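Student: Coordinates only, no sequence provided:
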């Protein structure tokens, strides 16, 4: 039997375990897998493009477990009340090839994205950071806010979105979270007094959401929204003054903020190198740091591994008979007799 | 909600609908998809190799539906009573990227392999073929026998395997099928008087199971077992005298019988070209034909499409909440409130 965590199952896990505790533990799983980065098989994504979107399969393996994520990206879906991005994932046993675990990953992708942001900030933001500007209060916003609270000690969120409804939704959802929430009238106002600026908008083009005037010495920029070709949120001038951290340089050069500096990965550090102790993280209290996040398969692998362990430990997970049990491997037809 | 057909669900479908009717209808679905072959996106497989096996994702799309199959190949599994090959598959809606259907494919792969063999034989075997030699009575054997009965009018099976237990299992499973079953003492004896020779052994090397002496004018050879690099069942001399049909030449050159003739695809016809009316099938009653089958993603796509339609039509299929339903696409966190 294959263990299954569907959407209601994930909601039950999150409510039962606590979202912040989930995010903190997930951050540690991602950290553990980033620390052994070279042991992973890093395959290219298998992408199927259509006129309205893309469907991708993102596989990876550490030699013991194999995981893949199915994920779509369809910006037009919001017109019909559907999600732009949905996802699910599978873990399998490399030794037998048998699938072990099927998991919803629409919620889990939002959670692992926030946990990865928090992990990066743990190494490259100022340790005394307590105020975060959050620009863009869409589907990712609450997860970012809670991950930075749980992992990094952020206490105050200054938030802004061009959609007042999205700002109201954000404030409503986090009303009882213990975070101090301060609505701002612009991105620049949100950035005032912030230690960290997180950008998570659905901007579809190269916009300059974070300008040089907004960035002060010692700030950490957590750039989530620039995550596909032709989509960036940080002004090119800001990139010139920041030390830049990425997940996987070849992918970030195509999808990340650094596509605004075409052809060069000079001075860019991969986050796993910092976590593994091979490269320094933040080097001074005045340095400006930027985590240029686009998402990577090892984060999904760590997230599947965490939820599999968590669900197994809590018991009561659903199961699916996705693989036959046979008494004689040559007698597959015997299942029908 | 995503429709699910797990292993018990597939067994119920097959018993309720009838295996032969299922195979005949599946053959027609595969035929319909082969007839529109150029409309499919043919992506490379994403393969993850380990010391003991391989895990592959095989995606394809026709622009309306996207499908992929997860499949493993672990020959050592039989030592621990597990299956060498297990599989499951997914269909998704290209317009939204939402998954629609999750289906077991261990049984379904055996069924589609047999249906594809029957489809090839419909076009390239002699129409008056009634006697089939079946060499190798492992997991694929009963499905081949029943597909050729249902689709091609085969009435008599002459069967042989080096494993007497596998022969007994085959005879037992098909005792009430209406097929005349004749056990043979060797592959050559099985081939005597046969119109069609099907080879479906688990040979792991290049063996010469079908020799020139066994092949007579007008025969059709259905070579299922030669399906990975270094694994063939038909003597090179036989290939020289047969007109060869394949699924997809670039893949068959690596995995099929024709790897015994390295570097040349001369004279090889892709089956879809015959079905689409672009190339002739069998041209005379004395021609020797060979279907060099290795399996292809479009067969899995057609099989998923068929089972999805069949299960929807019969009602009562299981469902899985793999994708969230939200009232506001920006309010993913709202699922937790």
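Tutor: Right, received. Where do you want to start? Because the structure is a prediction, the values reported are computed rather than measured. Numbering: from 1, shown residues only, chains lettered A, B, ... in the order given.
Student: switch to C-alpha atoms for all contacts and neighbour counts from now on
Tutor: Fine.
Student: So residue A:3 sits against residue A:317, correct?
Tutor: Yes - Residue A:3 is within contact range of residue A:317, at 6.5 Å (criterion: Cα atoms under 8 Å).
Student: Show me which of those two is the more surrounded one.
Tutor: Counted by other Cα atoms under 10 Å in any protein chain shown, residue A:3 and residue A:317 do not tie: residue A:3 has more neighbours, with 22 against 18.
Student: Quickly list what that one is bridged to.
Tutor: Per DSSP bridges, the residues bridged to residue A:3 are residue A:101, residue A:319.
Student: Quick check, pLDDT for it.
Tutor: With respect to pLDDT, residue A:3 scores 97.
Student: Could you report the distance from it to chain B?
Tutor: Residue A:3 sits 13 Å away from chain B, going by Cα to the nearest Cα, to the nearest Å.
Student: Might you report the residue contacts of that residue?
Tutor: Going by Cα atoms under 8 Å, 6 or more residues apart in numbering or on different chains, residue A:3 touches A:100-102, A:308, A:317-320.
Student: now stretch A:255-266, how far from the chain's geometric center?
Tutor: What separates the centre of stretch A:255-266 from the centre of its chain is 20 Å, taken as Cα atoms, centre = their mean, to the nearest Å.
Student: Which residues belonging to that stretch are considered buried?
Tutor: For stretch A:255-266, a neighbour-count test (16 or more other Cα atoms under 10 Å in any protein chain shown) marks A:255-260, A:265 as buried.
Student: just stretch A:169-186 next, same as before
Tutor: Across stretch A:169-186, burial judged by 16+ other Cα under 10 Å covers A:169-171, A:174, A:181, A:183-184.
Student: show me which of these neighbour chain B.
Tutor: Counting by Cα under 8 Å from any Cα of the partner chain, residue A:169 from the buried residues of stretch A:169-186 sit close to chain B.
Student: Let me have the buried residues of stretch A:169-186 in a markdown table, extended by pLDDT, distance to residue B:70 and secondary structure.
Tutor: Formatted as a markdown table, the buried residues of stretch A:169-186 follow (pLDDT from 0 to 100; distance: Cα to Cα, whole Å; DSSP: H, G, I helix; E, B strand; the rest coil):
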| residue | pLDDT | distance to residue B:70 | secondary structure |
| --- | --- | --- | --- |
| A:169 | 97 | 39 | helix |
| A:170 | 98 | 38 | helix |
| A:171 | 98 | 42 | helix |
| A:174 | 98 | 40 | coil |
| A:181 | 98 | 45 | strand |
| A:183 | 98 | 47 | strand |
| A:184 | 98 | 48 | coil |
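Student: any idea which of the buried residues of stretch A:169-186 is closest to chain B?
Tutor: Closest to chain B out of the buried residues of stretch A:169-186 is residue A:169 (7.2 Å), distances taken as Cα to the nearest Cα.
Student: so that closest one makes contact with residue B:332?
Tutor: No - with contact defined as Cα under 8 Å, residue A:169 does not reach residue B:332; the gap is 10.4 Å.
Student: Could you point out which residue ranges in the stretch 201-337 of chain A have low pLDDT?
Tutor: For the stretch 201-337 of chain A, the stretches with pLDDT under 70 are A:203-206, A:226-229, A:262-263.
Student: Return the residues of it in contact with chain B.
Tutor: Contact residues, the stretch 201-337 of chain A versus chain B (Cα under 8 Å from any Cα): A:320-337.
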